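**Q** Any chance you could fold what I've pasted below:
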Amino acid sequence: YGAEEQCATALVAARWPGGFRCPKCADPRHSRFVRALRQYWQCYRCRAQTTVLSGTIFQATKLPLTRWFLAMHLLTQAKNNLAALELMRHLGVCYKTAWMVKHKLLAVMAERESQRVLDGRVEIDDAYLGGAKSGKRGRGSENKVSFIAAVQTSDDGRPILAVLKRLPFTKDALDAWANRALSASARVVTDGLSCFDAIKVNVAEHQSHIVGGGPQAAKHPAFRQVNTLLGNLKRSISGTYHAFKFAKYADRYLAEVQYRFNRRFDLQSILARLVRAAVLTRPRAAPMLRLAEVGR
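**A** Next up is the predicted model:
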């Protein structure tokens, strides 16, 4: 994707793999013309004019597509998270532009992963990030943002898929989350936190282990994969972001980790899959990106 034409061709193939379809009426008949060095399609039926960027996450961008593709490559291939400041250096743009590009792509990842459903054996644990470093730590801290971590494993214990979701640890919140994110045939393993009992009605089997507190709790064999994921996530975030608003943008930061984790076995296609997701994601204006997310 070293040239603008190559990137535009890749976007067209990702958005209309079976050939152009009008975004308004779905009619395939069209004509094409070039205006201001940009390719336009005009529908024969409704006369609507569109570009490959219209109605996508790239809409109204002034940034060359080559830099968008470089950003997508860096975000998908990095082992750890990529800060906007580092992205700024790679792209050769100002910080505001780098932040906007990063958060638009994180919004794509979050939307793509929002419907993820886990099945089979699933390890679940509660986790906390962000906030002030002083005061009470972990569960019950008024400074931290709570989120749930769930890892689907194979029968021999290898991690397959993960879901990371910000939510309060109440029975109502966990019941609603389990109804969306867990298959009815799932076999769930949790610790003894009382609100996890709400998961029982949504799955085929629920095992609860009393693990206590302290470092030994994190070494319990029943939670090996979810604790490994949480350890990697916390190290990645603390080692990448010197200052970030986890309480405001938690869903996107978690989606960045979840998206790469769930596609880690096929890194060759991960960029093409993100391009496809980006052209299917509706535009995100700057004011919308800067709004605080609300955990559900």
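**Q** who's in contact with residue 38?
**A** With contacts defined as CB atoms under 8 Å, 6 or more residues apart in numbering, the neighbours of residue 38 are residue 51. C-beta here means a position set from N, CA and C on the backbone, and glycine is covered the same way.
**Q** Please enumerate the strands of the stretch 101-250 of the chain.
**A** With DSSP state E, counting those that start in this stretch as the criterion, the stretch 101-250 of the chain has strands at 121-129, 145-153, 159-166, 187-191, 205-209.
**Q** out of those strands, nearest to residue 72?
**A** When the strands of the stretch 101-250 of the chain are compared for distance to residue 72 using CB to CB, the nearest one is strand 159-166, at 20.6 Å.
**Q** got a list of what residue 78 touches?
**A** So residue 78 contacts residue 260 (CB under 8 Å, 6+ apart).
**Q** Likewise for the one 4 residues further on?
**A** Shown in contact with residue 82 (CB under 8 Å, 6+ apart): 74-75, 102, 240.
**Q** can these go into CSV with extra columns for neighbour count?
**A** CSV is the format used below for those (neighbours: other CB atoms under 10 Å):
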residue, neighbour count
74, 17
75, 23
102, 25
240, 17
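**Q** Among those residues, show me the least confident.
**A** When these are sorted by pLDDT, the bottom entry is residue 240 at 81.
**Q** Pretty sure it sits against residue 80.
**A** Yes - applying CB atoms under 8 Å as the test, residue 240 and residue 80 come out as touching, 5.5 Å apart.
**Q** And for residue 98, the neighbour number?
**A** Other residues near residue 98 number 24, with proximity taken as other CB atoms under 10 Å.
**Q** Now the closest residue to it other than its chain neighbours: phi and psi?
**A** Closest residue to residue 98 in three dimensions, ignoring its sequence neighbours and counting by CB to CB, 6 or more residues apart in numbering: residue 88, at 3.7 Å. The phi and psi values for residue 88, taken as degrees, to the nearest 10, are phi -60, psi -40.
**Q** Now for the residue positioned nearest the centre of the chain: which residues touch it?
**A** Taking CA atoms, centre = their mean, the centroid of the chain lies closest to residue 255, which sits 2.5 Å from it. Taking CB under 8 Å, 6+ apart as the definition of contact, the neighbours of residue 255 are 106, 109-110, 113, 164.
**Q** Tell me which two of those sit farthest apart.
**A** 106 and 164 (12.8 Å).
**Q** before we move on, back to that, pLDDT value on the nearest residue to the residue nearest to the centre of the chain once chain neighbours are set aside, please?
**A** With CB to CB, 6+ apart as the criterion, residue 255 has its nearest non-adjacent residue at 3.7 Å, and that residue is residue 110. In this model, residue 110 is scored at 96, pLDDT.
**Q** so residue 110 sits right up against residue 249, yeah?
**A** No - applying CB under 8 Å as the test, residue 110 and residue 249 come out as separate, 9.8 Å apart.
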